[in-house]
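1. build the 3D model from these lines:
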Amino acid sequence: MNFPSVTLTLGIALIMLLISTVGQAQSGGETIIKPAEAVPKTPAEELMEKGDVFDLKFQANRALNYYLRAAQLEPKNVPLLLRIARQYRYLMAEARTTEDRLKFGATALGYGQRAAALASRSSEAQLSPAITYGKMLPYQGSKAQVEATPHIKEAADKAIKLDPRNDNAWHVLGRWHQVLAGIGTLKRALGGLIYGKLPVTTNEAAVVCFERAIAINPHRLRHYIELGRTYAQMGKNVEARLFLEKGLAMPDKEYDDPELKAKGKEALAKIR
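-> Model (predicted):
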C-alpha cells in the first residue's frame, strides 16, 4: 500500500475542508476573511435609531414621533419604554402650567412603571419611576408628595441593589435624604397629622449618597451641585462653596444641567 500517497491526499483534503469552513479566499497572495452578514434591524429598531438622533438633541416631540410608532410595533421593548418616559419628562419640564406638567409627568410615570414591571432585574427600569416621581413632587399637593415619598425610596434602593454602580440611583437616593432632612419640624408635624408620618433622615445620609455618585461618575455636574446644596443646608459653607463651584465650572451635557446650575448659583449666593 502506498501510505505516503494516502497521507498526502488526506492532508490536502483536510486543508481544503479547513479553508472552506472558515470562509477564506485567496486573492493576490493575501488572505481575505469574509465578513459575517449583518443581522437586519427590525422596523421598530430602525424607528428607535431615528428617534435617538433627536433624543440626543433633547427634542422630545420629534423623538416621540419615532418612539411612539416603534412602541406600537414592540410594546414590551423596555429600552424603548424608558426612552419614551424620558421624553415626557422633558416635555414636563418645558410645560408652562402645573396641569400640563402633571399630565406629562403622569404619562412618563406610566411608561416607566411598564418598563419596571417588564424588567424586574434592570436597574435603569426600576429607577425610571423614581425619577419621574421626583420631578412631579414640586407641582403636587402635600398629600400626593407624602404618598410618593416611599415609592421613590423603594425604587432607588432596588435600582442600587441591582446595580451598585448606578450613579443616577445614588443621586436620586441622595435627593430623597436631602429633601426630607430639610423639612422643618413644624411642617413635618403638620404633614404627619394630616397625611401620615414622613420618614426621618439626615443630611449626612445624603452626603454619603452624593459622594458615592461622584466616585462612580465624576463627570456629572449634578452630583457636585447637590452635594454642595446639602452642605449649605447643613451650614457647612466651606464645603458647600467647594462643591458648588466645582459643579458650576463643568460644561452642560445633560438636559437638566442649566436648571441645576441655576439652583447652584442661588445656593452659592446665599453663603457668600
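2. pLDDT wise, what is the closest residue to V53 other than its chain neighbours at?
-> Nearest in space to V53, with sequence neighbours left out and distances taken as C-beta to C-beta, 6 or more residues apart in numbering, is A63 at 8.0 Å. For the C-beta atoms, the positions are set from N, CA and C on the backbone; glycine is no exception. At A63, the pLDDT value in this model is 98.
3. tell me which element A63 falls in.
-> If you go by DSSP states H and E, A63 is part of helix 60-73.
4. can you list the residues that contact that helix?
-> 42-45, 47-48, 50-55, 77, 80-81, 83-84, 87-88, 90-91, 94 (C-beta atoms under 8 Å, 6 or more residues apart in numbering).
5. other SSEs contacting whichever helix or strand comes after that helix?
-> Once helix 60-73 ends, the next helix or strand along the chain (criterion: DSSP H and E) is helix 78-94. Applying 3 or more C-beta pairs under 8 Å, 6 or more residues apart in numbering; DSSP states H and E, one finds that helix 78-94 makes contact with helix 43-55, helix 60-73, helix 98-118, helix 123-136.
6. the shortest one packs against which elements?
-> Put plainly, it is helix 43-55. Using 3+ C-beta pairs under 8 Å, 6+ apart, helix 43-55 sits against helix 60-73, helix 78-94.
7. which of those helices sits most buried?
-> helix 78-94 (a mean of 21; mean count of other C-beta atoms under 10 Å).
8. run the chain-centre distance for that helix.
-> Mean C-alpha position of helix 78-94 versus that of the full chain (C-alpha atoms, centre = their mean, to the nearest Å) differs by 11 Å.
9. how about it as CSV, C-alpha atoms only?
-> Extracted in CSV, the C-alpha atoms of helix 78-94 (Å, rounded to 0.1, in the frame of the first residue of the first chain):
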residue,chain,number,x,y,z
VAL,A,78,-38.0,48.0,27.8
PRO,A,79,-35.3,50.3,26.4
LEU,A,80,-37.9,51.9,24.2
LEU,A,81,-40.3,52.4,27.1
LEU,A,82,-37.5,54.1,29.1
ARG,A,83,-36.8,56.4,26.2
ILE,A,84,-40.4,57.4,25.9
ALA,A,85,-40.6,58.1,29.7
ARG,A,86,-37.6,60.3,29.4
GLN,A,87,-39.1,62.4,26.6
TYR,A,88,-42.3,63.0,28.6
ARG,A,89,-40.1,64.2,31.5
TYR,A,90,-38.5,66.7,29.1
LEU,A,91,-42.0,67.9,28.0
MET,A,92,-43.0,68.1,31.6
ALA,A,93,-40.0,70.5,32.3
GLU,A,94,-41.0,72.6,29.3
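10. and it with helix 60-73, angle?
-> 150 degrees (axes from the mean of the first three to the mean of the last three C-alpha atoms, to 10 degrees).
11. what is the rounded mean pLDDT of helix 78-94?
-> 98.
12. show residues contacting it.
-> Taking C-beta under 8 Å, 6+ apart as the rule, helix 78-94 contacts 44, 48, 51-52, 55, 58, 60-61, 63-64, 67-68, 70-71, 74, 100-101, 104-105, 107-109, 111-112, 114-115, 118-119, 122, 124-125, 128, 131-132, 135-136, 255-256, 259.
13. among the residues you listed, the buried ones, what's the ChimeraX command?
-> In ChimeraX syntax, the buried subset of these is picked out as below (16 or more other C-beta atoms under 10 Å):
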select :44,48,51,55,58,60,63,64,67,70,71,74,101,104,105,107,108,109,111,112,114,115,119,122,124,125,128,131,132,135,136,256
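14. tally of neighbours for K253?
-> 10 (other C-beta atoms under 10 Å).
15. am I right that it falls within a strand?
-> No: assessed with DSSP: H, G, I helix; E, B strand; the rest coil, K253 is coil; it does not lie in a strand.
16. got the contact list for it?
-> 219-221.
17. which ones among those residues are found in helices?
-> L221 (DSSP state H).
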